[in-house]
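A.B. asks: After the sequence you'll find the predicted model.
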Amino acid sequence: MSTVRSPYFKRLRSSAPKKSKSNAPLTPALDSKKAKVTRTKVKLEPQDSFSGKFTGTKSNSHETKAYVNRKEVKQENPKWEPVLWKKQLANIRKMRQSKDAPVDTMGCEKCKGENYSEKDKRFHTLVSLMLSSQTKDQVTHAAMLRLIEHGLTAETVSRIPDEQLGKLIYPVGFWKKKVIYLKKTAHILKEEYDGDIPDDIDGLVKLPGVGPKMAYLAMTCAWNKVVGIGVDVHVHRIANRLKWVKSRTKLPESTRKELEDWLPQSYWREVNWLLVGFGQQICLPVSPRCSDCLNKDICPSSTAKTKMHK
């Protein structure tokens, strides 16, 4: 049999790569393929009509495109709230069942004259809130009784001499400044609101001597509209002691914003009343009665925790 090879075979053999003496891989085609796999890129692009699944299509350039709805991928962080707040609040409700704190009998809702119109009663609520700043409920209530007996409307306050008004409200805290605030507020209400009080927060806080706490409580107690939490020194103090704020707050207004951020609105009406009375009887500013508190084992600031909870 003839062993003569065709010219085509000789040309093909001569064009083949020569064997290298180096330690090059024996299967360059396979290595090249692996290199392409390692360089594969994945691009995430939104698709208008998303079916809820990832779908891929491979292109000629070895790039895989996966389509995904960004709204499906984005996960919102859960809303922050104190871990034990429901249990703590339930315990405070139990401690407030007797309703015998000063706020229960002498708070702003108890400072209304009987033989007055609804408009004048709303004015009474606002005046009691203005007098209550830096003043105990007992002192505020006594001053309100004197004012009501004298005749308490926006009209009468606008006409009463400053000296006489001062005698009626003394000894509430900062009584001299409050005389000025009451007279200016009465004039504004008489001229702009027909003797009534504003029915929104913006209008209330524009009145002389009226801050956010008073405005939110006036909306709740006078207008029966719960639009925010009234935070006084008691609510501010207790919210920080219970760690109902993410970090310690220095101002009551900061505490209000923190509470409203997580506390369900259905609790906004009662939380002021609950915490104020609780702060007047148990969670005192100085030397709180932790041993008498039902939250003593679950309050971060408790000084009377039992040994098993320490």
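C.D. replies: It's in. Here the structure is a predicted model, which is why all the values come from computation and not from measurement.
A.B. asks: Residue 242 reaches residue 88, doesn't it?
C.D. replies: Yes - using Cβ atoms under 8 Å, residue 242 is in contact with residue 88, at 5.8 Å. Yep, even glycine has a C-beta here, placed from its N, CA and C like the rest.
A.B. asks: Now do the shared contacts for the two.
C.D. replies: Common contacts of residue 242 and residue 88 (Cβ atoms under 8 Å, 6 or more residues apart in numbering): 82, 295, 299.
A.B. asks: Next, count neighbours for the first one.
C.D. replies: Using other Cβ atoms under 10 Å, residue 82 has 18 neighbouring residues.
A.B. asks: State whether it is indeed within a helix.
C.D. replies: No - if the criterion is DSSP: H, G, I helix; E, B strand; the rest coil, then residue 82 is coil and not within a helix.
A.B. asks: buried stuff in stretch 241-260?
C.D. replies: Residues of stretch 241-260 classed as buried: 241, 242, 243, 244, 245, 249, 252, 255, 256, 257, 258, 259 (neighbour count, 16 or more other Cβ atoms under 10 Å).
A.B. asks: got a list of what the fifth one touches?
C.D. replies: So the one you mean is residue 245. By Cβ under 8 Å, 6+ apart, the residues touching residue 245 are 239, 254, 255, 258, 259.
A.B. asks: go with 10 Å
C.D. replies: Taking Cβ atoms under 10 Å, 6 or more residues apart in numbering as the contact definition, residue 245 lies against 80, 82, 236, 239, 254, 255, 257, 258, 259, 261, 262.
A.B. asks: from these, which is closest to residue 303?
C.D. replies: Comparing the contacts of residue 245 against residue 303 with Cβ to Cβ places residue 239 closest, at 18.1 Å.
A.B. asks: Residue 246 is in contact with that closest one, correct?
C.D. replies: No - judged on Cβ atoms under 10 Å, residue 239 makes no contact with residue 246 at a distance of 11.0 Å.
A.B. asks: Identify the contacts common to the two.
C.D. replies: What both residue 239 and residue 246 touch, as defined by Cβ under 10 Å, 6+ apart, is the set 82, 258.
A.B. asks: Max pairwise distance over the buried residues of stretch 241-260: which two?
C.D. replies: 241 and 257 (18.1 Å).
A.B. asks: which residues in the stretch 151-300 of the chain form helices?
C.D. replies: 154-159, 162-169, 175-192, 201-205, 212-221, 233-241, 252-262, 268-281 (DSSP state H, counting those that start in this stretch).
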